[in-house]
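Engineer: here is the input, now give the coordinates:
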Amino acid sequence: MQIAICGASLPPFDKSILKKAYEIGKEIAINNHTLRFGGCWGYPFEAAKGAFEAKGRVIAVSPAKNKDEHINIYKFPTENFTEIKFTGLEIPGRNLPLVVDSDAIIIISGQIGTLNEFTIAFHHKKPIGVVEGSGGITELVDQIAKICNKVGERDRIIYEKEPKKLVEKLNQLNNNINNQ
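Structural biologist: Presented below is the predicted three-dimensional model:
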């Protein structure tokens, strides 16, 4: 499975949530999944670091058109991933390929960009894992899904506090969807 990590990329960061993000990345690698993220800092970067250090495949989907722009315009990292895809789509344009080309997403906190990624995933019927208690838009996901009132779509969203259980539940949900 290819799992996109979406979440807050700007401070302030909660140290306990940074640790959970790292552990989520590690679990993704341990389960032989590919971690995808927006090539940015914050919770997605911590997850990428966890997956990378666990020898997992990590793909950065950059909003930049090349490495120079990635570094100098966006001031994004150049480490803790195995591959980088330059989209040239800027922000939020890169969110579309990040989410659509993934099999599932995990949301950790987040602001407007993460909300955009959530709505893309929800619209495209992707399995969505939400880190409960991580703050930001994760506190509103259930309400947003209720407002959208799409039959069966809310069943594709799972909520979990523990990284290992979250990845397990996302595996299970993805397998159930693929076996339907």
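Engineer: quick check: P44 vs N176, distance?
Structural biologist: 26 Å (C-beta to C-beta, to the nearest Å). In this view, the C-beta of every residue, glycine as well, is placed from N, C-alpha and C.
Engineer: in three-state terms, label I106 for me.
Structural biologist: Going by DSSP: H, G, I helix; E, B strand; the rest coil, the secondary structure assigned to I106 is strand.
Engineer: give me the contacts around the least confident helix or strand in the chain by mean pLDDT.
Structural biologist: Averaged element by element with mean pLDDT, DSSP states H and E, the chain has its least confident helix or strand at helix 141-148 (a mean of 90). In this structure, residues lying in contact with helix 141-148 by C-beta atoms under 8 Å, 6 or more residues apart in numbering are I107, F118, T119, F122, I128, V130, E153, R154, I157, Y159.
Engineer: who are the contact partners of the residue most central in space within the chain?
Structural biologist: Geometric centre of the chain, nearest residue: I5, 1.4 Å, by C-alpha atoms, centre = their mean. By C-beta under 8 Å, 6+ apart, the contact set of I5 is 21, 24-25, 35-37, 43-44, 47-48, 105-106, 108.
Engineer: cutoff 7 Å now
Structural biologist: I5 makes contact with L35, F37, P44, A47, I106, I108, according to C-beta atoms under 7 Å, 6 or more residues apart in numbering.
Engineer: try A60
Structural biologist: Contacts were defined as C-beta under 7 Å, 6+ apart; by that measure A60 touches F37, G39, F81, I84.
Engineer: nearest spatial neighbour of it, skipping sequence neighbours?
Structural biologist: The shortest distance from A60 to any non-neighbouring residue, by C-beta to C-beta, 6 or more residues apart in numbering, is to G39 (3.6 Å).
Engineer: which of the contacts of helix 141-148 count as buried?
Structural biologist: Neighbour counting over these (16 or more other C-beta atoms under 10 Å) leaves I107, F118, F122, I128, V130, I157, Y159 as the buried ones.
Engineer: secondary structure element for the fifth one?
Structural biologist: Read that as V130. strand 128-131 (DSSP states H and E).
Engineer: remind me what that strand packs against, helices and strands.
Structural biologist: Other helices and strands packing on strand 128-131, by 3 or more C-beta pairs under 7 Å, 6 or more residues apart in numbering; DSSP states H and E, are strand 104-108, helix 112-123, strand 157-160, helix 163-178.
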